[in-house]
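Peer 1: What shape does this take:
(2 chains)
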Amino acid sequence: AQSVTQLGSHVSVSEGALVLLRCNYSSSVPPYLFWYVQYPNQGLQLLLKYTSAATLVKGINGFEAEFKKSETSFHLTKPSAHMSDAAEYFCALRVDSSYKLIFGSGTRLLVRP
Amino acid sequence: DVKVTQSSRYLVKRTGEKVFLECVQDMDHENMFWYRQDPGLGLRLIYFSYDVKMKEKGDIPEGYSVSREKKERFSLILESASTNQTSMYLCASSRTQGAREQYFGPGTRLTVT
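Peer 2: Next comes the predicted model:
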């Protein structure tokens, strides 16, 4: 069965520090993987997607993620955190032929001044 | 840019009322989805539709129904609202081709009193 695990329900970083949000997946077939961001009282916004074209994926707002098959991971990073990055982040997976996304439980990013 | 709009951002209804939540997308997407989001429970799929007049149950369809009479519009219906349906409701849409990433609306925060 497919699943997504996000390690750490809360991550706190200082402004200007590296952001690392962890996502591990389980899938018996090559997956499509996504990162979404949700600001308070808003819907989810797509940050980036992995479609097997390249293992390092660049997204909006300076975020990127690297697909590592050997580690079954798709961690999200940003070199330097901004206060505006404070939000909840969701990793999601889709396998071929399915319409549905499987979401992780989310990681809330706090950015300290 | 894909745009998914939802009829209300905030809604307050009484127990037993029939409630309609409307969602419209402007990108000619084949697939549309309704989720609810609750603290600690993440996103849970209620229903989805892969074509006009076609629908499939998601993970928590009980107490809900849906309607898709036109490609761009997907309605969620609470036949008799109950307090345990107080939640954030999110609509999303996606193409059938490619990665099928989902694009979300801003959400409707429904309170049932």
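Peer 1: So what's the residue count around the residue nearest to residue A:1 when sequence neighbours are not counted?
Peer 2: Leaving aside its chain neighbours, residue A:1 sits nearest to residue A:26 (7.3 Å; criterion: C-beta to C-beta, 6 or more residues apart in numbering or on different chains). Any C-beta I mention is one placed from the backbone N, CA and C, and that applies to glycine too. Neighbour count of residue A:26, defined by other C-beta atoms under 10 Å in any protein chain shown: 13.
Peer 1: residues contacting residue A:26?
Peer 2: The contact partners of residue A:26, by C-beta atoms under 8 Å, 6 or more residues apart in numbering or on different chains, come to A:1, A:2, A:3, A:4, A:5, A:72.
Peer 1: Tell me the pLDDT of residue 108.
Peer 2: Just so you know, I chose chain A. Residue A:108 is assigned 97 on the pLDDT scale.
Peer 1: Hmm, no, I was thinking of chain B.
Peer 2: Residue-level pLDDT assigned to residue B:108 equals 97.
Peer 1: repeat for residue B:1
Peer 2: Looking at residue B:1, its pLDDT stands at 69.
Peer 1: ok, now residue B:99?
Peer 2: Taking residue B:99 on its own, its pLDDT is 81.
Peer 1: Please spell out which residues along stretch B:49-56 are buried.
Peer 2: Within stretch B:49-56, the residues scored as buried using 16 or more other C-beta atoms under 10 Å in any protein chain shown are B:49, B:55.
Peer 1: List the residues that contact the residue nearest to residue B:42 when sequence neighbours are not counted.
Peer 2: Distance criterion C-beta to C-beta, 6+ apart; nearest residue to residue B:42, sequence neighbours excluded, is residue A:105 at 4.9 Å. Shown in contact with residue A:105 (C-beta under 8 Å, 6+ apart): A:6, A:9, B:42.
Peer 1: Highest neighbour count among those?
Peer 2: Most surrounded of the contacts of residue A:105: other C-beta under 10 Å gives residue A:6, at 21 neighbours.
Peer 1: Make sure that one is indeed in a strand.
Peer 2: Yes. The assignment for residue A:6 is a strand, going by DSSP: H, G, I helix; E, B strand; the rest coil.
Peer 1: What residues of stretch A:58-76 count as buried?
Peer 2: A:59, A:63, A:64, A:65, A:67, A:73, A:74, A:75, A:76.
Peer 1: Check the burial of the residue in chain B that chain A sits nearest to by counting its neighbours.
Peer 2: With C-beta to the nearest C-beta as the measure, residue B:104 is the residue of chain B nearest to chain A, at 3.7 Å. Neighbours of residue B:104 under the rule other C-beta under 10 Å: 23.
Peer 1: same question, residue A:5
Peer 2: 14.
Peer 1: Which residues are in contact with it?
Peer 2: A:23, A:24, A:25, A:26, A:104.
Peer 1: May I have the beta-bridge partners of it?
Peer 2: residue A:24 (DSSP bridges).
Peer 1: For the residue nearest the centre of chain B, report the pLDDT, please.
Peer 2: Residue closest to the mean C-alpha point of chain B, counted by C-alpha atoms, centre = their mean, is residue B:34 at 2.8 Å. As summarised for this prediction, residue B:34 has a pLDDT of 98.
Peer 1: In contact with it, which residues are there?
Peer 2: Contacts here follow C-beta under 8 Å, 6+ apart; on that basis residue B:34 touches B:21, B:23, B:45-48, B:58, B:64, B:66, B:74, B:76, B:89-91.
Peer 1: Perfect, that will be all.
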